[in-house]
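Visitor: Predicted coordinates and the sequence they were generated for:
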Amino acid sequence: INPQTTLVVRPMRNVIIRNETESDFDAIRTLNSQAFGQDGEGRLVDALRSGGYAELSLVAMDTTASDRGSVVGHILFSRIHIDCGDREVAALSLAPMAVLPSRQRQGIGGALIREGLQRCSLSAKNAGPGIVIVLGHADYYPQFGFCASLAEPLTAPFDVPPESWMALELLPGALENVAGEVVYPPPFRDV
């Protein structure tokens with residue numbers, strides 16, 4: 001996406017968002033393959049889920065009569081941490097997030113992000129991780145509160161453009177005095 005381009009998102013229709021179920025696993029894998037043009041992200045979701053790293057996995061379901069029950073979007077938040085040297089700070093990774101190519105630019109991705117962040121925020125208020133990290137489009141994720149400047153004290157374990165490396169505080173001040181390397185679970189090394 002060109003940073004100079006304004007994103008036009010139509011209102012979302014005929015879609016509900018819910019927790020994934022085991023019956024969604026194949027559809028989630030297929031959706032990620034179609035959205036990313038490769039199998040890596042689908043394998044990543046499977047590995048994070050089976051490794052016990054998945055914190056929240058949501059699907060967007062089409063509710064129209066012709067496609068009732070079709071998975072048209074998916075988002076995964078998984079547990080990561082920030083190694084600050086003398087301590088570890090719990091955080092979440094937003095990755096991957098995928099929408100069926102034919103349903104992109106209809107608000108489904110944004111709805112998944114908003115719902116996911118709302119649920120993660122409720123969890124943070126009950127002692128869950130208060131930080132979310134994303135590596136994504138610098139002109140898309142800031143509208144949800146992600147900020148590259150918040151991530152500046154956090155070292156990515158891979159080479160990333162600084163403007164695409166972003167963080168969000170689910171709780172005000174969650175990143176105060178937090179600096180160090182972000183540590184992802186092993187499945188991320190395989191993508």
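Guide: Received the coordinates, thanks. Not measured: the values here are computed from a predicted model. Numbers count the residues shown, from 1 in each chain.

Visitor: Identify each buried residue in the top helix by length along the chain, please.
Guide: Of all segments of type helix in the chain, defined using DSSP state H, the longest is helix 108-125. Neighbour-count burial for helix 108-125, counted by 16 or more other Cβ atoms under 10 Å, picks out 108-113, 115-117, 119-121, 123-124. From N, CA and C alone the C-beta is placed, and that goes for glycine too.

Visitor: can you give me the offset of it from its chain's centre?
Guide: 9 Å (Cα atoms, centre = their mean, to the nearest Å).

Visitor: Could you export the very next helix or strand once past that helix as CSV, CA atoms only?
Guide: Tracing the chain past helix 108-125, the next element assigned as helix or strand by DSSP states H and E is strand 131-135. Provided in CSV are the C-alpha atoms of strand 131-135 (Å, rounded to 0.1, in the frame of the first residue of the first chain):
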residue,chain,number,x,y,z
ILE,A,131,1.1,-4.4,25.2
VAL,A,132,0.4,-5.5,21.6
ILE,A,133,3.2,-5.5,18.9
VAL,A,134,2.5,-5.5,15.2
LEU,A,135,4.7,-5.6,12.1
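
Visitor: average pLDDT for strand 131-135?
Guide: Mean per-residue pLDDT for strand 131-135: 97.

Visitor: For the chain, give me the ranges with low pLDDT.
Guide: 1-13, 65-68, 191 (pLDDT under 70).

Visitor: related to what we said a few turns ago, a markdown table for the buried residues of helix 108-125, including distance to Asp26?
Guide: As requested, the buried residues of helix 108-125 are arranged in a markdown table below (distance: Cβ to Cβ, whole Å):
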| residue | distance to Asp26 |
| --- | --- |
| Ile108 | 19 |
| Gly109 | 21 |
| Gly110 | 25 |
| Ala111 | 23 |
| Leu112 | 19 |
| Ile113 | 24 |
| Glu115 | 22 |
| Gly116 | 21 |
| Leu117 | 27 |
| Arg119 | 24 |
| Cys120 | 26 |
| Ser121 | 30 |
| Ser123 | 27 |
| Ala124 | 31 |
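
Visitor: I am finished for the moment; much appreciated.
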